[in-house]
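Enquirer: sequence first, then the predicted structure:
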Amino acid sequence: MNYETLRYESDERIARITLNRPERLNAITLATGRDLRDAVQRANADDDVHVIVVQGAGRAFCAGYDLKEFAEGSSPWNQEMPWDPMIDYRMMKRNTEDFMSLWRSYKPTIAKVHGYAVAGGSDIALCCDLVVMAEDAKIGYPPARVWGCPTTAMWVYRLGAEKAKRMLLTGDLVDGREAKAIGLVLDAVPEVRLEERVSALARRMAAVPKNQLMMQKLVINQAYDNMGLAGTQMLATLLDGITRHSPEGVWFTQYAAERGFHEAVRLRDSGEPIPASMRAPPLAKRAWYHWLSALRGWKRSHSQAISMILALTLRLPALARCPARARCPRCCRACRPGRRMSLASSRSPSSRSVFTCRSRRLTSIEAASMTSFSMPILIRCRCSQKPSRPAS
């Protein structure tokens, strides 16, 4: 059987699954999870196989999801707003279950890690029963900083709460030595000895009858199931979708599309504040869409519309005509036609942009959520606090 993203071979009771996209550091594609599950099922169905070794071709074990596919281009993982969490969950849960086929395999699985096992690559490695790393290899989950949550949730089950929080609240990478010291992996050896160490471990287990190996795995895995592994993974998979559709997640996708994923990853991992976490106004997103909305929907002069747009996107002071046609009998009656309003830089509790009338007659004008070209404007009067719409 031929696979799109990996190679499969078996010899002397040991099956080897080799992630095989070396030109992309074995980055994960839409086909990787499916291929991995099929290969694990093939090994489980082979009576001559007792142990499964998972490794990577080339310079790394796995560098995570291929951001050229998932961040730079269009992808079902990046929906247009409003997004459907259940569509995302269905797709991402399938990947989680594919990776977890290593954990649920009836036969022991060993991850042989060199180079990098980061982001989704760390998910694959940590779903194996045992992990052996090269001392200079790196493992971690940098997308915990923005655009990701580890859906397999294996960090907390391997490390405990405090060390798992240290890894996921920083997004740091650790080398094989530190990973061994904190108990994340079984062993770390110089890279020149990595194959020797993994092969010796695999041969030792391969001498044990398959039924004995299977029974020991079932008991240990059941203990983790009793601790709520399935529920934790369900929550983590849902939250992973949210991270990619949060303001920061949308920013990361757009930044990667504009600047390339290398620059996006560099900024994400640099330790600098994530730009979208400063809560830029909604119009900063997909600016061309909202500029067109303003020009078509507000029906104002070009200079006024551009002034309002600049203020919303760049948080600069701006002036806009008061829509006195709202005609609140107790507020607008005393307001001269054409009175100007200043655009406040503050945000309302509903995260909508706020205009404040200089005459204090109108409390605010709120631009409703930018979900259509019409962009209705609501006016809240100081006297009644009841919204009214401007006349057409």
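Expert: Looks like it arrived, so ask away.
Enquirer: tell me where the model's unsure across the stretch 151-300 of the chain.
Expert: By pLDDT under 70, the low-scoring segments of the stretch 151-300 of the chain are 276-300.
Enquirer: mind listing the helices for it?
Expert: Remark: helices assigned in the stretch 151-300 of the chain by DSSP state H, counting those that start in this stretch are 154-159, 161-170, 176-181, 194-206, 210-226, 229-245, 247-259, 261-269, 287-297.
Enquirer: looking at those helices, which is nearest to residue 118?
Expert: helix 261-269 (10.0 Å; CB to CB). No exception for glycine: its C-beta is placed from N, CA and C like everyone else's.
Enquirer: could you name the helices and strands sitting against the closest one?
Expert: helix 67, helix 247-259 (3 or more CB pairs under 8 Å, 6 or more residues apart in numbering; DSSP states H and E).
Enquirer: redo the helices of the stretch 151-300 of the chain as TSV? Include distance to residue 49 and mean neighbour count.
Expert: Output for the helices of the stretch 151-300 of the chain, formatted as TSV (distance: least, CB to CB, whole Å; neighbours: other CB atoms under 10 Å):
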stretch	distance to residue 49	mean neighbour count
helix 154-159	24	20
helix 161-170	32	15
helix 176-181	27	20
helix 194-206	9	17
helix 210-226	8	13
helix 229-245	25	18
helix 247-259	40	19
helix 261-269	37	17
helix 287-297	54	16
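Enquirer: domains of the chain?
Expert: Domain assignment of the chain by automatic domain parsing yields the ranges 6-255, 282-388.
Enquirer: sorry, back to before: kindly reformat the helices of the stretch 151-300 of the chain as a markdown table containing distance to residue 16.
Expert: Formatted as a markdown table, the helices of the stretch 151-300 of the chain follow (distance: least, CB to CB, whole Å):
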| stretch | distance to residue 16 |
| --- | --- |
| helix 154-159 | 22 |
| helix 161-170 | 28 |
| helix 176-181 | 20 |
| helix 194-206 | 9 |
| helix 210-226 | 17 |
| helix 229-245 | 27 |
| helix 247-259 | 33 |
| helix 261-269 | 30 |
| helix 287-297 | 49 |
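Enquirer: that older thread, need the helices and strands packed on helix 261-269 in a markdown table with distance to residue 149, can you?
Expert: Formatted as a markdown table, the helices and strands packed on helix 261-269 follow (distance: least, CB to CB, whole Å):
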| stretch | distance to residue 149 |
| --- | --- |
| helix 67 | 16 |
| helix 247-259 | 10 |
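Enquirer: on that earlier part again, of all the helices of the stretch 151-300 of the chain, which lies closest to residue 103?
Expert: helix 210-226 (6.8 Å).
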